[in-house]
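# Coordinates for the following, if possible.
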Amino acid sequence: MTGIPLAVDIVAVCCLVATLHWHFGNWKKQHILVTLTTFVAWYFPFMIICVMPIDVSNTCYKQCMQDNQVTTTATSDVNTFPATTETSENQSFGQQSYSESILSTLSSHEAPFASISTGVPPQTVCSRPLSYVSDRVLSVLWHVVYWTSQSLTWIVLPMMQSYAKAGEFTVLGKLKYALIANAIYYGTYLLVFAICLIYLATRPGMHLDGSKLKVLAITASNTWGLFLLVLLLGYGLIEVPRLCWMNSKRGFMLSRTRFKLAKLSIERIEAEEDLEDILAEVSKLNETIKAPHTYRKYVDIILAKCPESLQNSLSSSSSSTRSRSAFDRSDTPHDVTTERSLARLHRRLIVAIQRHSCTNCQWAKHMNSAMELEDLAENQASTSRVFRSSAGMYSGRLKHCHSPVLEWYWKCWICPWSLRLLAVLMFVFSLMVIWSECLFFIKSPVLSMFAIFIELAETHYNYVAIEFVCVLTISYLSICAYYTIFKIRIFNYYYVVGNHQTDENSMIFCGMLLCRLTPPLCLNFLGLIHLDSHITKDEDIVETAYTKFMGHMDVIPFISDGFNIYFPIAIVVLCILTFFKVGTRLLHLLGFQQFIGDDEMIQELVDEGAELVKRERRKRQRNEESEARRRTWNERTADRNSSIQDPDEVGRRRNVRTDNDRSELLKEAEPIDYTGHSLDVSRTSNEQIIPGLYQSDPVSRPQSLAGNQGFGSTAVRPTRPPPRNIFDDV
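Sure, this is the predicted structure:
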């Protein structure tokens, strides 16, 4: 019965991660192995975050039981029941009844002592939380989740990422490339591990065993994760509230989006040029290496990675060419082409396609955002208080209850003020986190804000409040840390974007960082709420099942007593640098254009972005109009065909429709002189239109057009009609 909350958490997290994974990834195009692996890599870190509050509430309950046991032992001459062990307590859980009247009178830790001295069992005083789970279940859960996530982040996912980028054509070749690509990465990690191992072996009084080696491996992983976590939190704790505040300023966001579009247009052109150069090499290679050649199968593998348009053009050209001579069909290529050179070309093609895809995804995302912000700016200036979108009527899931007036109030008034209020709350929460990170190692007096909240809830045995504080704190820390992961953009290669546009490499990269950051984040949170005995130096404190599994980092003193305690203070420095945009200004000085405010170059890029948005808007409008005309024409054709039954009538109407098609768009146009001379044709009301003539040529021509004209005459000869079907696209 008490395991129901844990089961609900596991199922809810599974549904949440599945939704996020489906939103960002593309299950139809991705390999099934990549989909399953990245899903697990996303699922386990989220499950650690959601199960940790249950572990904390169970620890608070066991702390109450331990305090009551100590009091019972001290007053054993007065009380008749002996102090029991944890095993006997667990066996007697189902035999004890809860006393709500006693719990309502407890306002401090002295209340349990008083009740025990009167003979009240500790199980009655310490009400067991509804989400209670035995230590054995949590221990098994932490073992499975932690070691699986660590195996993924350090071994499986890096190998899978390198395997996906490999240009080799066999499984063995791809694995060999993946091992070589990760050799430096694994070598550095093993070197640090070996140095720590030698340090422990030479330390006097230290006996290495399996448990110490496990703690050493966990220490090395958590130290690297804590270093990365501090960097991400130092940026996210300031940038997340600021971004939420800036989102309420639509003018600022519009200028920023236009600036991004102007920069992205250059990157997009470069990505297209790189891809075109590589595709040209592939096309040339396809012409030189034909079917009988040994390397033809490798060329076919490369062609399979090319866009469909190039594949169709190459297949049509190859089918139309004649068979080559016997010399050309030999196994000797015309130029120096080896399997290694083909593998390099294949790898370059994979990287170029990936970069081109990421750039196009960013372009579409920022372009849609710019158009929406322009619509919001126009509607805010409108006095009708009716929202009008350039994309047309709303066609979402709530279209049945949609109202343009409500949409205007929501987007133009309620949403901006809600974002400002949320930004203020997040900024206050960030200040609390920064304060607690600097002072969490001070036990007396308690200066960590979150430790104070947990102690107040523990004093009143309010396990719901304890779990709520834990969920809120861990969630905010995760949002600030993971914000940088999901917004990161490394050389346009790793980029996470919604609507099924994220590629396999970016999904793997995010899974690696999630598995690497979550364990040290949870350890840092336990230090903030004073549930780590190594930090508080309290021997009587009951530790969580997560801390018991992870162990203390006392094996390496300079890490346990120095780095893990004092390095989080660096968050203050990073937050100050982020607040004043020192990194952004430094990049701008080095020549990397950044949106920092009033600057002539920045304003030029903003104006260029505005022109790009106008151009894209006109393009989409033309496409919509063309599609509407085509759809209308198809409907008219279908109606005529369905309404006509007589074959003679069908033929007659077909001739009439053909004549109308030729002259419908040309009736209102002026006559065109294709000879370069002027043509002055006066038209009267009695002129008749002959279908065979160009446009509305009159039956009676002027006298200047009749007969033969001599050289140098100013008269104009009759012109021939223009080519047919020139308006088919219209």
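
# which residues in this structure form strands?
Secondary structure of the chain (DSSP state E): no strands present.

# Spell out for me which residue occupies the centre of it.
Centroid-nearest residue in the chain: residue 496, 3.1 Å away (criterion: Cα atoms, centre = their mean).

# ok, that residue touching residue 24?
Yes - counting by Cβ atoms under 8 Å, residue 496 sits close enough to residue 24 to count as a contact (5.8 Å). C-beta here means a position set from N, CA and C on the backbone, and glycine is covered the same way.

# Mind listing the shared neighbours of those two?
502, 507 (Cβ atoms under 8 Å, 6 or more residues apart in numbering).

# and the residue nearest to the centre of the chain, how far is that from residue 606?
From residue 496 over to residue 606 the distance is 26 Å, taken as Cβ to Cβ, to the nearest Å.

# quick one: contacts for residue 135?
Taking Cβ under 8 Å, 6+ apart, one finds 58, 545, 548 in contact with residue 135.

# burial count for the last one?
Residues lying near residue 548 (other Cβ atoms under 10 Å) number 15.

# Now do the contacts for the closest residue to it other than its chain neighbours.
In space, and not counting its chain neighbours, residue 548 is closest to residue 139: 7.3 Å by Cβ to Cβ, 6 or more residues apart in numbering. Neighbouring residues of residue 139 by Cβ under 8 Å, 6+ apart: 545, 548-549.

# can you check residue 14 too?
By Cβ under 8 Å, 6+ apart, residue 14 lies in contact with residue 43.

# Likewise for the one 4 residues further on?
For residue 18, the contacting residues are residue 39, by Cβ under 8 Å, 6+ apart.

# cutoff 6 Å now
If you count contacts by Cβ atoms under 6 Å, 6 or more residues apart in numbering, residue 18 has none.

# Now for the chain, the helix or strand with the poorest mean pLDDT.
Using mean pLDDT, DSSP states H and E, the weakest-scoring helix or strand in the chain turns out to be helix 100-104, at a mean of 37.

# Residue 232 against residue 481, yeah?
Yes - if you go by Cβ atoms under 6 Å, residue 232 and residue 481 touch, sitting 4.6 Å apart.

# Neighbour count: the two, which is higher?
Between residue 232 and residue 481, counted using other Cβ under 10 Å, the more crowded position is residue 481 (25 against 22).

# Can you give me the distance of the more buried one to residue 40?
Taking Cβ to Cβ, one finds residue 481 at 20 Å from residue 40.

# cool, residue 497 as well?
Residue 497 is 22 Å from residue 40, by Cβ to Cβ.

# Equivalent analysis for residue 371, please.
38 Å.

# go on, residue 246?
36 Å.

# and if you look at residue 512?
When residue 512 is compared with residue 40 (using Cβ to Cβ), they lie 12 Å apart.

# more neighbours, those two?
residue 512 (22 against 17).

# Surely the more buried one is in contact with residue 157?
Yes - at 4.7 Å, residue 512 and residue 157 qualify as touching, with contact defined as Cβ under 6 Å.

# Okay, now the unreliable bits of the stretch 351-500 of the chain?
Scanning the stretch 351-500 of the chain for pLDDT under 70 picks out 395-398, 486, 488-494.

# Helices along that one, start to end?
404-409, 415-439, 449-459, 463-487 (DSSP state H, counting those that start in this stretch).

# Which one of those helices lies nearest to residue 293?
Nearest to residue 293, of all the helices of the stretch 351-500 of the chain, is helix 463-487, at 45.3 Å by Cβ to Cβ.

# which residues are in contact with the closest one?
Residues contacting helix 463-487 (Cβ under 6 Å, 6+ apart): 49, 53, 56-57, 60, 129, 229, 232-233, 235-237, 240, 429, 450, 453, 457, 496, 510, 513, 517, 521, 525.

# of the residues you listed, buried ones?
Among those, those buried by neighbour count (16 or more other Cβ atoms under 10 Å) are 49, 53, 56-57, 60, 129, 229, 232-233, 235-237, 240, 429, 450, 453, 457, 496, 510, 513, 517, 521, 525.

# Could you tell me which of those residues are located in helices?
Applying DSSP state H to the buried ones among the contacts of helix 463-487, the entries found in helices are 49, 53, 56-57, 60, 229, 232-233, 235-237, 240, 429, 450, 453, 457, 510, 513, 517, 521, 525.

# For stretch 198-216, buried residues please.
200, 212, 215-216.

# Same list, the residues you listed, but as a markdown table with pLDDT please.
As requested, those are arranged in a markdown table below (pLDDT from 0 to 100):
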| residue | pLDDT |
| --- | --- |
| 200 | 74 |
| 212 | 73 |
| 215 | 75 |
| 216 | 77 |
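
# Can you pick out the most distant pair from those residues?
200 and 215 (10.1 Å).
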